[in-house]
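**Q** make a model of this:
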Amino acid sequence: MYIQQLYTNCLAQAAYYIESNGEAAIIDPIRETTPYTQLAAERGAKIKYILETHFHADFVSGHVDLAKATGATIVYGPGTQTGFESKVATDGELLPLGNINLKVLHTPGHTLESSCYLLIDENGKENAVFSGDTLFVGEVGRPDLLDGIMTKEELAGMMYDSLRNKLMPLPDEVLLYPAHGPGSACGKNIGKETWSTMGQQKETNYVLQQMSKEEFISAITTGIAPAPAYFFEDAKMNKNGTFSIEEIEKNGLQSLSLEIFENETKGGATILDCRPAALFELGFIPGSINVGLDGQFAIWAANVLNLHTPLLIVSEVGKEKEAVDRLARVGFATMKGYLEGGFEVWQNAGKRIDMIISIDAEEFALDAKHSKAIVLDVRKPSEQESGYVAGAKLLPLSDIQANLNELDKEQEYIIHCAGGYRSMVAASLLKSKGFQRVKNVYGGFGQIKTTDIPLEMPKAVGV
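**A** Numbers count the residues shown, from 1 in each chain. All right, here's what the predicted structure looks like:
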């Protein structure tokens, strides 16, 4: 028996390869099929199953493409309906794989079809549970993603029963392999580890402690940040099927001359500059939006851009495919190509460029105290709970596009996040919308709080 976790950092997502006696199963694959087909080939195994724990909302699964490439059977839990050929398993059903079995545990709560897969080894021992978004390290899956079909309180009640009837009875030594780690928006505050044991979680995970169903529902439905808009589109793609990764790459990896690239921009395409913020700020094509490949690129691109926006890619030379593939993972399918030779080709042609001024924390403190600039804090609400600059406007990055009417193009804004990545995304967004007086803060709030700038704490509800 062999188990390998395949973790994708930019999605904070874990897929799994399980193998026994020449047969393999893939759990929750990402968009690209190559990592799985190569691994199986290297190990001399045939992929028999593609096991989906639920209809993922935060990324587009590679289940349909992988099934076409391998002939494997796509498996979902009870009650599932798909727009492609799949097997709907029954609760408690055993799926034989070589000398082991994978037992289907129907665990509704995150979604209605959510299911876990319990690995029963060659000796009949319960060895590991692949929990999808039902149970994370230190957290539980969010119960608010059914888009009005069912309330979060109803789903939370189902989650309470699923955890207590299906997962908590498992032996303490059973390994817990969830679908996500820290940074994922599929849970409120997922722990830093990407795996655990049921025993450790029974001791430390707040959702597994003794409490009434009413207390549980209140605990897991309180303080949930709004789900990103793209979540609902991704879930539909995973349920009904969508473009193949090959089709997306064929369009997205077209090498565009400067002339063709310019014509596409005039036609309304959005320029997505994937270079690191430190390069972007020194010069970029006017109107470009910067989301650097060096961070949670796909997640933030999907947070600030509509999935159906025609995109033109500007990247460091040689990183075009990485950009296209990572965008495809979250549902972008309208990439029109990339600028051949990158930004340098534009610059060397004498074309107009734009820049963004960045300042360090000390300069920020002086500006914030002595100028009329507004401090724009684009961190998440959960981050702002630890304190923020006195008088700052709190506007999370994911909310900026929908709240531009709250901002004044004549006003100067000094933008910061936690470390500097998201603030450059925000600064470029504002620049693209005609806001010219923007500055970015190096090091973000992490450096700002080392200065003597006054900070505030959020007021308690009712105060």
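
**Q** according to the record, where do the domains of the chain fall?
**A** 2-233, 243-348, 357-456 (automatic domain parsing).

**Q** per-residue pLDDT, the closest residue to Val425 other than its chain neighbours?
**A** Counting by CB to CB, 6 or more residues apart in numbering, the nearest residue to Val425 once its immediate chain neighbours are dropped is Val291, at 5.4 Å. (Each C-beta comes from the backbone N, C-alpha and C, glycine too.) Looking at Val291, its pLDDT is 98.

**Q** contacting residues for Val291?
**A** Leu272, Asp273, Cys274, Phe297, Trp300, Ala301, Val304, Val425 (CB atoms under 8 Å, 6 or more residues apart in numbering).

**Q** apply 10 Å and report the result again.
**A** 272-275, 277, 280, 297-305, 323, 327, 421-422, 424-425, 428-429 (CB atoms under 10 Å, 6 or more residues apart in numbering).

**Q** show me the residues you listed that map onto strands.
**A** Leu272, Asp273 (DSSP state E).

**Q** from the contacts of Val291, which ones fall inside helices?
**A** Among the contacts of Val291, the residues falling in helices (DSSP state H) are 277, 280, 297-304, 323, 327, 421-422, 424-425, 428-429.

**Q** now stretch 344-351: buried residues?
**A** Residues of stretch 344-351 classed as buried by neighbour count (16 or more other CB atoms under 10 Å): Val345, Trp346.

**Q** can I get that stretch in CSV, CA atoms only?
**A** What follows is stretch 344-351, C-alpha atoms only, in CSV (Å, rounded to 0.1, in the frame of the first residue of the first chain):
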residue,chain,number,x,y,z
GLU,A,344,10.8,44.4,-21.9
VAL,A,345,9.5,44.3,-25.5
TRP,A,346,6.9,46.9,-24.7
GLN,A,347,9.5,49.1,-22.9
ASN,A,348,12.1,48.7,-25.6
ALA,A,349,9.6,49.8,-28.3
GLY,A,350,9.3,53.2,-26.5
LYS,A,351,5.7,52.6,-25.5
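
**Q** from the chain's centre, how far out does it sit?
**A** 34 Å (CA atoms, centre = their mean, to the nearest Å).

**Q** swap in stretch 442-457?
**A** Distance, centroid of stretch 442-457 to centroid of chain: 27 Å (CA atoms, centre = their mean).

**Q** that stretch: end-to-end distance?
**A** 22 Å (CA to CA, to the nearest Å).

**Q** give the rounded mean pLDDT of it.
**A** According to the model, stretch 442-457 has a mean pLDDT of 94.

**Q** ok, stretch 246-263 next?
**A** 96.

**Q** can you check stretch 149-161 too?
**A** Rounded mean pLDDT across stretch 149-161 is 95.

**Q** buried stuff in it?
**A** Met150, Lys152, Leu155, Ala156, Gly157, Met158, Met159, Tyr160.

**Q** now what about it, what contacts it?
**A** 107-112, 114, 134-135, 140-146, 207, 211-221, 224.

**Q** can you tell me which of these end up in helices?
**A** Lys213, Glu214, Glu215, Phe216, Ile217, Ser218, Ala219, Ile220, Thr221.

**Q** for those, which one is nearest Val75?
**A** Ile220 (27.2 Å; CB to CB).

**Q** looking at it, that closest one is touching Asn205, isn't it?
**A** No. Using CB atoms under 10 Å as the test, Ile220 is too far from Asn205 to be in contact (11.4 Å).

**Q** and for the two, which residues touch both?
**A** Common neighbours of Ile220 and Asn205 (CB under 10 Å, 6+ apart) are Glu139, Val140.

**Q** more crowded one of the two?
**A** Ile220 (26 against 20; other CB atoms under 10 Å).

**Q** against Met159, how distant is that one?
**A** 7 Å (CB to CB, to the nearest Å).

**Q** please enumerate the shared neighbours of those two.
**A** The contact sets of Ile220 and Met159 overlap at Gly109, Val140, Gly141, Arg142, Pro143, Lys152, Val207 (CB under 10 Å, 6+ apart).

**Q** between those residues, which is nearest Glu383?
**A** Nearest member of the shared contacts of Ile220 and Met159 to Glu383, counting by CB to CB, is Arg142, at 17.7 Å.

**Q** my read: the closest one touches His54, true?
**A** No. Counting by CB under 10 Å, Arg142 does not reach His54; the two are 11.9 Å apart.

**Q** give me the common contacts of the two.
**A** Gly109, His110, Asp133.

**Q** test my guess that the first one contacts Asp144.
**A** No. Gly109 is beyond contact range of Asp144, at 11.1 Å (criterion: CB under 10 Å).

**Q** of the two, who's got more company?
**A** More neighbours surround Gly109 than the other of Gly109 and Asp144, with 25 against 20 (other CB under 10 Å).

**Q** roughly how far apart are the more buried one and Leu155?
**A** Taking CB to CB, one finds Gly109 at 6 Å from Leu155.

**Q** which neighbours do the two have in common?
**A** Common neighbours of Gly109 and Leu155 (CB under 10 Å, 6+ apart) are Gly141, Arg142, Pro143, Ile220.

**Q** rewinding a little: out of the contacts of stretch 149-161, which are buried?
**A** Looks like the contacts of stretch 149-161 have 107-112, 114, 134-135, 140-146, 207, 216-217, 219-221 buried, using 16+ other CB under 10 Å.

**Q** so which of these are in strands?
**A** Per DSSP E, the buried ones among the contacts of stretch 149-161 map to strands at Leu135, Val140.

**Q** re the thing from before, out of the shared contacts of Arg142 and His54, the closest to Leu39 would be?
**A** So of these, ranked by how close each gets to Leu39 (CB to CB), first place is Asp133, at 23.4 Å.

**Q** isn't that closest one up against Glu52?
**A** No. When contacts are counted by CB under 10 Å, Asp133 is not listed as touching Glu52 (11.2 Å).

**Q** show me where pLDDT drops low in the chain?
**A** 147, 460-463 (pLDDT under 70).

**Q** let's go with 80 and repeat that
**A** Along the chain, segments meeting pLDDT under 80 span 147-148, 459-463.

**Q** give the buried residues for stretch 283-302.
**A** Those buried within stretch 283-302 under the rule 16+ other CB under 10 Å are 284-285, 288-293, 295-302.

**Q** what's around Glu203, how many residues?
**A** Every residue meeting other CB under 10 Å relative to Glu203 is counted, giving 11.

**Q** would it count as being in a helix?
**A** Yes. Assessed with DSSP: H, G, I helix; E, B strand; the rest coil, Glu203 lies in a helix.
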